[in-house]
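1. got a predicted structure plus its sequence, pasted below:
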Amino acid sequence: MMKTWLISAVLMLSGCANLNLHPDTGSATTTPAAPEEIIIPPSANQHLNDIASINDFKLVGRIGIQMQGYGLSGPIQWQHSPQTDDIDLYSPLGSKVAQINKTEDGVTLTNQDGKIYKAQDTESLTQLTLGWRIPFTSLSDWVIGRPTQGVASHVGWDDTGKLSKLTQDGWEISYMEYQFKNNHALPSKINLRNSKMNVRLIVESWELSQAVTAQNTP
């Protein structure tokens, strides 16, 4: 099911549109500054339309997290749909550190000792149990190579219309490499950074839903 932001994006990005990312309301006694405009090239519009139908995926890769002198890394497996998430995090030696399951009823995390924790969102749960907070809700869009719902304060595109940089929700996201899966260009190396932590995500393999695969089969 196409997400709400995608409907808005199609309306805004038709042709070579201008995207106002910093509206300035000004005041009664001053002249408002001109809003910053970012040109959305036709190739970017085409790419966003191409990946608009990708809302179910499975990725296998590695994640590295650094914050305040503390670091960890290991494999990650993530199965995502608009209603559910199943995220398995592993140590560098391959033992499962945490299993995160999200449904419409909430989120549970099972640690390596088998203890189960519950919360209403993944971000609060990982902060409570693992000591770091990653916005998996937004990341489900960012990892595909598109902005999530809300306002982005900066967007950069490469020569072929793929995202190269994105600033949104307090995070700076850099896209360093892409790979092709079922004729879709999807990120394979992403760096996310905010004032407290740096996250590196390397995607080794993608699996897309049967509907998306069939859509791109000749």
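-> Perfect, I can see it now.
2. for Q112, which non-adjacent residue is spatially closest?
-> V97 (5.5 Å; Cβ to Cβ, 6 or more residues apart in numbering). C-betas here are computed from N, CA, C, even on glycine.
3. number of residues surrounding that neighbour?
-> Using other Cβ atoms under 10 Å, the number of residues around V97 comes to 16.
4. list the contacts of the residue sitting nearest the centre point of the chain.
-> Taking Cα atoms, centre = their mean, the centroid of the chain lies closest to W142, which sits 2.1 Å from it. By Cβ atoms under 8 Å, 6 or more residues apart in numbering, the residues touching W142 are T148, L166, Q168, W171, I173, I190, L192.
5. from what I can see the residue nearest to Q112 touches N111, true?
-> Yes - counting by Cβ atoms under 8 Å, V97 touches N111, with 7.3 Å between them.
6. highest neighbour count among the contacts of W142?
-> I173 (27 neighbours).
7. show me where the chain has helices.
-> Assigned by DSSP state H, the helices in the chain fall at 4-12, 42-51, 122-130, 136-142, 210-215.
8. average pLDDT across the first one?
-> For helix 4-12, the mean per-residue pLDDT is 35.
9. ok, now the longest one?
-> The average pLDDT for helix 42-51 rounds to 94.
10. mind listing what's buried in that helix?
-> For helix 42-51, a neighbour-count test (16 or more other Cβ atoms under 10 Å) marks A44, N45, H47, L48, I51 as buried.
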